[in-house]
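>>> the following block contains a protein sequence and its predicted model.
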Amino acid sequence: MKNKVPIIFICFFIFQSYLVQCYAADVYMSTTGTKITGKSTTGDWSNANCYNNLTAAFAAMSSGDTLTVDDGNYTSHLNTIGWDDTATAVNKPPSGSGIGSGDTRFTVIRAKNIPCQNGVSCDQPLKVRFSGAAVFNADSHGTPPTYIKFWGIRWDGISTYTGWNNLYFKQVASQGVSDGNTAPFSITGQYNLLEDCVAFGKGRYKYLFYDNSRELQTNGDGNNVCRRCIARHDWAKKEDVSGDPIATFVSYYSRGTSFLNAVDIDSNMPVYWMNAPGEFNGSFSQPVDGGVHKMTISGSLVINSAQGVGWGASPSTTADSGNTFTDVVGVNVAGGINLRGGGNINRLGLYNVNLSNFTYRSSTQSGQILQSNVGVNSWDNNVLVNNSIFRNLAGAPLKGNTTGRYIDTYTVGTGGNTLSNSITTDPYQHGVKYPVRIETTSPNELQTQGTSGSQIGPRILNKLGIDGTFKGYTGWNTEQGGLWPWPLEEWIQAEMRTSDYASFCAPYAGTPQACPASYKTDAYRGFCATGQTLTKYIWESLGNPIPSNIYGSPIAPAPPQKLIKAPVPPPPAP
């Protein structure tokens, strides 16, 4: 018998003069850890093998390592990501490395136990939370890290900065806890990806993509992607008198932002929103800046929102802002879409658009809804609206510089623009039972009455984009299989039920601005109510029971992932 010789495989990959190790080391962290130096031994969760704060853990990490964090609430300033005022130092993980298409290696910061992953029950919130002094507040200090994946972790607010590029947030939740000019997710940088993320709580915006160079656009297009992200406006500057606008998904100066299967749901409590003069821009917003903005909204839904669906404010000097809305639904909303700089809208469905759907604090507050009751409006450049449905619309279907073709209008307001090749039959009797599809069973005239015999009305049945793919690479925005039941919906519901209304309302107790008594249960409203699911709530929003086959085949759990690979996005155009 041959001698058994131990073999140690040390693998190196050589490419374009780079030498990169093909394996990654582990670093562990827990609330009770005592480790102070070196890597962790895989599988050993004893205190001596775990760090107890990010500052120490990051110091032990190398490019491409994985930091796994045990369950717990981490509150110390030593768990800051970014600038730590106490230590006057930058606390950040080491960058991953991207050396060629398909060879990107992320540094990973993940929870040990993630709902819906590897046998962990789905119906619970994330088990790792950074709160208090443990903030994610990246800024301009030091060299920005890139190629970092954050997976299965919750923060009380996430803020990145210019140069924090190629970040991947997977199944991450952020609750806004600060009033005023804040957002639970504030992403500044290029080629970042947010996937299966949840935003709620306080903040004037819920997802903000921003470019600090503003009109100068020094860095080029941001090209960030928000895929299957869910948002709910719980609180938005309740007693703030500054007048700053509020919105949900916002691309502000950062161009090329894509919202794929994004959902704004149950943003229906303006009692917790500012009452001072200002603007409620809507679920999707592109404020103020000129140029070809190229904001894309596809396969997305706005369900039960006291704002409008969308707003684009490129100035009149811009020939075309490049915004596109494809397969977008608004059900039980206060207003439709306004695109000042121009754009294209295809397969829009607006059902029950009326300010009277909601109770506002005053006429002053309700007067801040931009383009309330209206379907689509353009102040300046032409907006083309095709293959769309407007039903129960308090105002005119189209106003301003808009052109509409192949549109079904039923029980809509008077006035507005003349439509061509359009119909006025009740869509509920001709193919619409659910907001996400047109039925295949008769009568289903809407399936063939659109442009060149195509469908009138939205089709939101499949996931958009291969998981983990950044903008610009094969499959990043193409249909990839069934969307329903909504992935991770039990976790999403459990996470949003934790919205901290008690803490939000405490400062106003005993004053004229006190919260209504319902604050104790408002986190459980709408799709978070007992017996509801995200899928059931959306499918039944037009009043019809969900088809029995939607839950016929359970979703298989995702396979274990330790090292997430993705192609390297191209550099910005010069």
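Perfect, thanks for sending it.
>>> quick one, what contacts the one residue sitting closest to the centre of the chain?
Centroid-nearest residue in the chain: Cys229, 3.2 Å away (criterion: Cα atoms, centre = their mean). Cys229 is in contact with 194-199, 207, 249, 259, 262-263, counting by Cβ atoms under 8 Å, 6 or more residues apart in numbering. C-betas here are computed from N, CA, C, even on glycine.
>>> at 7 Å what do you get?
Shown in contact with Cys229 (Cβ atoms under 7 Å, 6 or more residues apart in numbering): 194, 197, 207, 262.
>>> among those residues, who's most crowded?
Tyr207 (30 neighbours; other Cβ atoms under 10 Å).
>>> so that residue sits against Ala231, correct?
Yes - using Cβ atoms under 7 Å, Tyr207 makes contact with Ala231 at a distance of 6.2 Å.
>>> joint contacts of these two?
With Cβ under 7 Å, 6+ apart as the test, Tyr207 and Ala231 both reach 199, 249.
>>> one step back: for the residue nearest to the centre of the chain, which non-adjacent residue is closest in space?
Cys197 (4.8 Å; Cβ to Cβ, 6 or more residues apart in numbering).
>>> so how far is Phe249 from the one you found?
11 Å (Cβ to Cβ, to the nearest Å).
>>> over to Glu439?
In terms of Cβ to Cβ, Glu439 sits 29 Å off from Phe249.
>>> so which of the two has more stuff around it?
Between Glu439 and Phe249, counted using other Cβ under 10 Å, Phe249 has the larger neighbour count: 29 against 15.
>>> for whichever strand or helix holds that one, what is the average pLDDT?
Taking DSSP states H and E as the criterion, Phe249 maps to strand 246-252. Per-region confidence: strand 246-252 scores 95 on mean pLDDT.
>>> direction included, what does that strand pair up with?
strand 207-210 (parallel), strand 280-286 (parallel) (DSSP bridges).
>>> output the below-cut-off pLDDT ranges for this structure.
1-24, 85, 87-88, 98-104, 289-290, 314-321, 553-574 (pLDDT under 70).
>>> same thing but at 80, please
With pLDDT under 80 as the threshold, the chain has low-confidence stretches at 1-25, 83-89, 98-104, 215-216, 288-293, 312-322, 340-343, 380-381, 553-574.
>>> helices of that one, start to end?
54-60, 363-366, 489-496, 501-505, 534-539 (DSSP state H).
>>> hey, which of these is tucked in deepest?
helix 489-496 (a mean of 24; mean count of other Cβ atoms under 10 Å).
>>> list the helices and strands it packs on?
strand 198-201, helix 534-539 (3 or more Cβ pairs under 7 Å, 6 or more residues apart in numbering; DSSP states H and E).
>>> just put those in CSV and tack on distance to Asp426.
Listed next are the helices and strands packed on helix 489-496 as CSV, based on distance: least, Cβ to Cβ, whole Å:
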stretch, distance to Asp426
strand 198-201, 36
helix 534-539, 20
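>>> before we move on, the earlier item: closest to Cys528 among the contacts of Cys229?
Proximity of the contacts of Cys229 to Cys528 was ranked by Cβ to Cβ; the top entry is Cys197 with 16.9 Å.
>>> what's the spacing between Ile492 and Tyr508?
28 Å.
>>> sorry, back to before: touching, the residue nearest to Cys229 and Phe169? I think so.
Yes - Cys197 is within contact range of Phe169, at 5.6 Å (criterion: Cβ under 7 Å).
>>> need the contact list for the nearest residue to Asn352 once chain neighbours are set aside.
Spatially, and ignoring its direct neighbours in sequence, Asn352 is nearest to Asn392 (4.5 Å; Cβ to Cβ, 6+ apart). Contacts for Asn392 (Cβ under 7 Å, 6+ apart) come out as 351-353, 411.
>>> how near is Asn377 to Gln307?
15 Å.
>>> more neighbours, those two?
Neighbour tally, Asn377 and Gln307, criterion other Cβ under 10 Å: the higher count belongs to Gln307, 33 against 26.
>>> quick check: the more buried one touching Phe280?
Yes - taking Cβ under 7 Å as the definition, Gln307 is a contact partner of Phe280 at 4.7 Å.
>>> mutual contacts of these two, please.
Ile369.
>>> state the phi and psi torsions of Thr218.
Torsion angles at Thr218 (phi, psi; degrees, to the nearest 10) stand at phi -60, psi -40.
>>> who touches Gln480 in this structure?
462-463, 465-466.
>>> for those residues, work out which two are farthest apart.
Asn462 and Ile466 (11.8 Å).
>>> closest to Ala111 out of the contacts of Cys229?
Cys197 (14.0 Å).
>>> ok, that closest one to Gln449 distance?
Cys197 is 37 Å from Gln449, by Cβ to Cβ.
>>> count the neighbours of the closest residue to Thr414 other than its chain neighbours for me.
Closest residue to Thr414 apart from its sequence neighbours, by Cβ to Cβ, 6+ apart: Ala396 at 6.9 Å. A total of 22 residues lie near Ala396 under the criterion other Cβ under 10 Å.
>>> quick check: Ala396 touching Thr409?
No - look at Ala396 against Thr409 with Cβ under 7 Å: they stay out of range, at 9.4 Å.
>>> any idea how many residues pack against Thr411?
12.
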